[in-house]
Each structure stands twice: as structure tokens, then as C-alpha cells.
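Novice: When you get a sec, could you give me coordinates for this:
(one chain, ligands or ions: 1)
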Amino acid sequence: MPGIRSTHFVCPPCRTALKRPVGQPGPPPPCAHCGHPMTDAGPQLAVPPRRDADGWAALAAVLEAGLRFPAIGCEADGPGYRPRTMREVEERRTAAHRTGRPVAEMLATRDPWDEDGPAHAPA
Ligand SMILES: [Zn+2]
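Specialist: All right, here's what the predicted structure looks like:
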């Protein structure tokens with residue numbers, strides 16, 4: 001059973017991931033494939049399968065926006081919504097563009113076109 005005591009370091013271009021204990025001092029581990037420092041994506045990341053290029057592209061977009069997958073409160077709470085496909089990413093980028101909201105905020109929104117959401121606010 002996965003706990004929250006380890007975090008996922010990832011290298012999206014290589015689609016590699018490894019687990020490390022949370023809060024380890026020192027620099028991030030290098031990617032075994034390309035040697036670049038890996039990104040600490042957080043304990044709650046569901047690492048996409050290696051063959052899932054779309055899932056990895058979506059993850060890269062999420063990480064580029066500065067979003068992570070932290071353990072918040074009890075484990076069941078999770079980090080909140082994160083897109084898992086590039087279609088979901090593009091949908092949210094479009095919503096961010098139309099509304100002027102930060103991309104990171106939209107990427108963390110489950111339904112960017114929710115009628116109560118900012119996407120439908122009067123211009
Ligand atoms: Zn790499």
C-alpha cells in the first residue's frame with residue numbers, strides 16, 4: 001500500500017520516475033536516462049505508464065505550470081484535480097486564455113466550463 005512517506009521524482013521527456021523518501025536533503029536525483037535533475041512531483045502523483053506519451057505530456061504541462069501533487073491533510077484528500085490527458089490540458093489552457101485566469105489555476109480545476117466557474121463570468 002503506497003504511503004505518503006515517499007515522493008515521486010520524474011523526468012517527463014524520458015518518461016522515467018522513481019520514488020524517494022519525502023524531505024530528503026540534497027539535490028534531486030539525476031535521471032538514469034538523460035542525467036538531468038529529476039522533478040519532485042509530489043507523493044500523490046499517479047505515475048503514467050511509460051507507453052502513455054499523452055499522459056506524460058499532460059504531466060509535463062502540469063509540472064511546467066508549477067503544480068505538484070502534494071499530500072494534503074489525510075491521504076484521501078489528495079492534491080485535488082490534475083489533468084491526465086493533453087486534451088484536458090488544452091481545454092484548460094483555452095479556458096485560462098478566455099478568462100484571463102492563471103493557467104496553473106485552470107489546470108487545477110476539474111470543470112473549467114462549470115457555469116459557476118470563472119469561464120462564464122460576464123466579460
Ligand atoms: Zn531524463
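Novice: Please work out which residues outside the lengthiest helix in the chain touch it.
Specialist: Determined from DSSP state H, the single longest helix within the chain is helix 86-99. With contacts defined as C-beta atoms under 8 Å, 6 or more residues apart in numbering, helix 86-99 is touched by 54, 57-58, 61-62, 83, 101-103, 105-107, 109, 112-113, 118-119, 121. Placement of C-beta: from N, CA and C, glycine included.
Novice: likewise stretch 18-26?
Specialist: 4-9, 29, 32, 38, 40, 43.
Novice: repeat that for 7 Å
Specialist: Residues outside stretch 18-26 that contact it (C-beta atoms under 7 Å, 6 or more residues apart in numbering): 5-9, 29, 43.
Novice: In the residues you listed, find the pair that's most separated.
Specialist: Arg5 and Pro29 (16.7 Å; C-beta to C-beta).
Novice: Same drill for these two, tell me which one is more crowded.
Specialist: Neighbour count, other C-beta atoms under 10 Å: between Arg5 and Pro29, Pro29 has more, with 14 against 11.
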